[in-house]
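> sequence isn't available, so here's the structure alone:
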């Protein structure tokens, strides 16, 4: 394999709208993207719909079984290798792909990734790095989206180091500003986890830690990388998505109330489209699973074809950036 053609293994059966969402996403690519897609899934459900003859850069790897969205992660499941999710990770492990993607059961995908790929040296637990919208339209790295519910201060430090490198390599931000999500900006604020984490982050010379950040400043460019535990992070993510959807609904209702509202909306339609695009989670694709020995992109369970398309493009960008090589080297040097 060469970096001229990036190979992405996709769990074709993972997600609420799979396999149709994956099929439609694959049709959005062209040979100019220099991406080869290996879709792992049930041949009966996929082959006749994916139009392989029209898309030579897409291949199908048959696997009749899949992991349900509500399936509990246990030892029995992790021993099961004959499902589309496990096979997708195996392709990454075996060197048949540069990156793996699934919009399926997040807990299962994280667990398979840890079991198959293993953790990087000096990284104890994984974390999901998400790109969230900001006022500049560039995006802010938000960690953790839900991989690690119970954390200790050194887990947050590990996430901060990896997240800082992610911002440098993928977003091209030099000396990214790192903040800890808290209920106040003062270092005395928060519970013991937040206070101890503040001290640990402040003492580390590998990151540009600028202190605590409050929730209302997440999207304001105050920080380039924001760190929190997976429980808090997942709630923030879902609240943000809910607020965005509600705002759109309210706005459309207000516009439709009067002729003046409709005319006003017409006059600023380009600005409205731009706003909608910047706030759309589908534009940011998926989250990178930090800490494992491989590039694993986790998609939203409700991922649309557009979201999957952007997640795959993000995967390619991460591969080309050399992030994995740099972060492994950085974490090996951590004491």
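Right, received. Where do you want to start? The model shown is predicted, which means the values in this text are computed figures rather than measured ones.
> what bits of the stretch 1-150 of the chain have low per-residue confidence?
Along the stretch 1-150 of the chain, segments meeting pLDDT under 70 span 1-3.
> chain center to stretch 35-48, what's the gap?
With C-alpha atoms, centre = their mean, to the nearest Å as the basis, stretch 35-48 stands 22 Å off its chain's centre.
> one more: stretch 165-180?
Using C-alpha atoms, centre = their mean, the offset of stretch 165-180 from its chain centre is 16 Å.
> same thing with stretch 125-138?
Taking C-alpha atoms, centre = their mean, one finds stretch 125-138 lying 8 Å from the centre of the chain it belongs to.
> that stretch: which residues count as buried?
Of all the residues in stretch 125-138, those buried under the rule 16 or more other C-beta atoms under 10 Å are 125, 126, 127, 128, 129, 130, 131, 132, 133, 134. For glycine as for every other residue, the C-beta is placed from the backbone atoms N, C-alpha and C.
> secondary structure element for residue 311?
helix 305-321 (DSSP states H and E).
> same question for that helix, mean pLDDT?
The average pLDDT within helix 305-321 is 94.
> for residue 298, state which of the buried residues of stretch 125-138 is nearest.
Nearest to residue 298 among the buried residues of stretch 125-138 is residue 128, at 6.0 Å by C-beta to C-beta.
> measure the closest one to residue 140 for me?
Distance, residue 128 to residue 140, by C-beta to C-beta, to the nearest Å: 14 Å.
> need the three-state assignment for residue 37.
strand (DSSP: H, G, I helix; E, B strand; the rest coil).
> bridged to the residue positioned nearest the centre of the chain, which residues?
Nearest residue to the geometric centre of the chain (C-alpha atoms, centre = their mean): residue 287, 0.6 Å. Beta-bridge pairing for residue 287 (DSSP bridges): residue 298.
> just the buried residues of stretch 125-138 now: which is nearest residue 316?
Looking across those and measuring by C-beta to C-beta, the closest to residue 316 is residue 131, at 14.5 Å.
> how many neighbours does residue 45 have?
Other residues within reach of residue 45 by the criterion other C-beta atoms under 10 Å amount to 17.
> domains of this protein?
1-123+291-321, 124-285 (automatic domain parsing).
> ends of the last one, what's the gap?
This points to domain 124-285. Counting by C-alpha to C-alpha, to the nearest Å, you get 26 Å between the two ends of domain 124-285.
> and for stretch 142-155?
15 Å.
> mind listing what's buried along that stretch?
Of all the residues in stretch 142-155, those buried under the rule 16+ other C-beta under 10 Å are 142, 143, 144, 145, 146, 147, 148, 151, 152, 153, 155.
> take those and keep only those in helices.
153, 155 (DSSP state H).
> for residue 166, state which of the buried residues of stretch 142-155 is nearest.
Of all the buried residues of stretch 142-155, residue 166 sits closest to residue 143, with 8.5 Å by C-beta to C-beta.
> hmm, residue 315 is touching residue 97, no?
No - look at residue 315 against residue 97 with C-beta atoms under 8 Å: they stay out of range, at 9.5 Å.
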